[in-house]
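> Model the following, please.
(chains A and B)
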Protein chains: 2
Amino acid sequence: MRIAILIFDRLTALDAVGPYEVLSRLPGAELSFIATEPGLQRTDVGSLGVHADLALTELPDPDVVVVPGGKGSRPLMSDPDVLGWLRTAHQGSTWTTSVCTGALVLGAAGILDGKRATTHWAYLERLRELGAEPVAERVVEDGKVITAAGVSAGIDMALQLAARISGEDVAHAIQLGIEYDPAPPFDSGSPSKASPRAIELVRAAEGGESG
Amino acid sequence: MRIAILIFDRLTALDAVGPYEVLSRLPGAELSFIATEPGLQRTDVGSLGVHADLALTELPDPDVVVVPGGKGSRPLMSDPDVLGWLRTAHQGSTWTTSVCTGALVLGAAGILDGKRATTHWAYLERLRELGAEPVAERVVEDGKVITAAGVSAGIDMALQLAARISGEDVAHAIQLGIEYDPAPPFDSGSPSKASPRAIELVRAAEGGESG
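Below is the predicted model of the structure:
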């Protein structure tokens, strides 16, 4: 089973690495980081370089597509090479997925047309402009398309996908292997729970471009 | 504030990237991925290359040290360059931290002597051989040393550390920015909750070397 995680300059690292840590542990997984051109891609704060081993043209037909988000996902929304690859890959894929603002790239490729979908909370309404029905849930599955909310939600999405692909026993073992028994020290992880001050800090610090 | 995340071949990616995603968002953070020699390090399943920008000798005195785990952490336990760097860095650090089996490397450097500490559940008893008091908690703080349980626990650890460094308002905003409102689809993330079958699968599939 060939899994392609699309990476690009200024991606959000955890968007890609959360699903990677889960999906790379699936039996028979052949996971590749893929980009327009192979080589080092820098994450949004620049201090982490992640290497793409394959060019898009080298893997036109993955079984599973994962599109992470980050500031660098915005230029992809009008990048003909990326959108063309996504459309072709989606035609033959078993699962097409996104994390955070990766959903906006799926939307720009027309993949979310008429579908229920989610993305980082700060970008949810943008999905509507792209033809999708925005849903404020952590993981949204509509047919073979699964979209996850912001950044860390990719871990939850990938565990759900792992169960779809290899069954719940395997998904449970992966969850145990990565000791995913989350215990956040605070309860500020969604706009419905966070203080107005935290919401303001996120919007101010990241200029609405947090995902 | 200089934050050094130690990386090495066959690290577990999420051990490093979970804390990275939190700590890189701290005001004034200068975060570096650091290794014995700069260049590409491969993660434990090999399909992800992460780039070290600095050699250990280039940053002997970080304010915050993060040591992730993974199969490749075991050789570090007898690597004089790494242990020497760690001992020196720890002397001057404000915080010295680990995720997963990164704790075994701290232990080998003598940093956990007499301290309460944690690591991946499958390795907890090894901490005793290294002079520490093993504690089956997700995040354990003892003085300036903070250790986290397996893989995904690094996110919780880093949020706790973010609050210590920059205050709770900032930590709350970071949690909201990465939308860390976890909702695992299963409840199999710790050995106290997982089925015997899942525990057996982890031990068998990973040969006791899951972290």
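> So which elements touch the helix or strand harbouring residue A:202?
Assignment of secondary structure by DSSP states H and E places residue A:202 within helix A:196-206. Using 3 or more CB pairs under 8 Å, 6 or more residues apart in numbering or on different chains; DSSP states H and E as the contact test, the elements touching helix A:196-206 are helix B:168-177. In short, each C-beta sits where N, CA and C put it, glycine included.
> check whether the helix it packs on contacts chain A.
Yes: contact between helix B:168-177 and chain A is present through B:168-173, B:175-177 (criterion: CB under 8 Å from any CB of the partner chain).
> Please list the outside residues in contact with that helix.
A:150-151, A:184-186, A:188-191, A:194-195, A:197-199, A:201-202, A:205-206, A:210, B:22, B:25-27, B:159-160, B:162-163 (CB atoms under 8 Å, 6 or more residues apart in numbering or on different chains).
> Narrow these to those that are buried.
A:150-151, A:184-186, A:188-191, A:194, A:198-199, A:201-202, A:206, A:210, B:22, B:25-26, B:159-160, B:162-163 (16 or more other CB atoms under 10 Å in any protein chain shown).
> Next step: these restricted to helices.
Among those, the members found in helices (DSSP state H) are A:198-199, A:201-202, A:206, B:22, B:159-160, B:162-163.
> can you pull out the helices in chain A?
When assigned using DSSP H, the helices of chain A occupy the ranges A:13-23, A:73-76, A:80-92, A:102-108, A:126-129, A:153-166, A:168-177, A:196-206.
> so can I have TSV of those helices showing mean pLDDT and distance to residue B:51?
Converted to TSV, those look like this (pLDDT from 0 to 100; distance: least, CB to CB, whole Å):
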stretch	mean pLDDT	distance to residue B:51
helix A:13-23	97	12
helix A:73-76	97	21
helix A:80-92	98	22
helix A:102-108	98	22
helix A:126-129	96	31
helix A:153-166	98	21
helix A:168-177	96	25
helix A:196-206	86	24
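> Which one, of the ones you listed, ends up nearest to residue B:11?
Distances from residue B:11 to each of the helices of chain A were compared using CB to CB; the shortest belongs to helix A:13-23, at 11.3 Å.
> so what secondary structure elements neighbour that closest one?
Using 3+ CB pairs under 8 Å, 6+ apart, the elements in contact with helix A:13-23 are strand A:2-6, strand A:30-35, strand A:64-67, strand A:95-99, helix A:153-166, helix B:13-23.
> Give me the distance between the closest residue to residue A:143 other than its chain neighbours and residue A:132.
Counting by CB to CB, 6 or more residues apart in numbering or on different chains, the nearest residue to residue A:143 once its immediate chain neighbours are dropped is residue A:115, at 7.1 Å. Using CB to CB, to the nearest Å, one obtains 5 Å as the distance from residue A:115 to residue A:132.
> quick one, which of the two is more surrounded?
Ranked by neighbour count (other CB atoms under 10 Å in any protein chain shown), residue A:115 and residue A:132 place residue A:132 first, with 27 against 20.
> so that one makes contact with residue A:113?
Yes: contact status for residue A:132 versus residue A:113: in contact at 7.2 Å, counting by CB atoms under 8 Å.
> Residue nearest the middle of chain A, spatially speaking?
For chain A, the residue whose C-alpha lies nearest the mean C-alpha position (CA atoms, centre = their mean) is residue A:99; its distance is 2.1 Å.
> Contacts for stretch A:104-117 next, please.
Stretch A:104-117 is touched from outside by A:6, A:67, A:69, A:73-74, A:76-78, A:82-83, A:86-87, A:90, A:96, A:98, A:103, A:119, A:123, A:126-127, A:130-135, A:140, A:142-143, A:145, A:147, with contacts defined as CB under 8 Å, 6+ apart.
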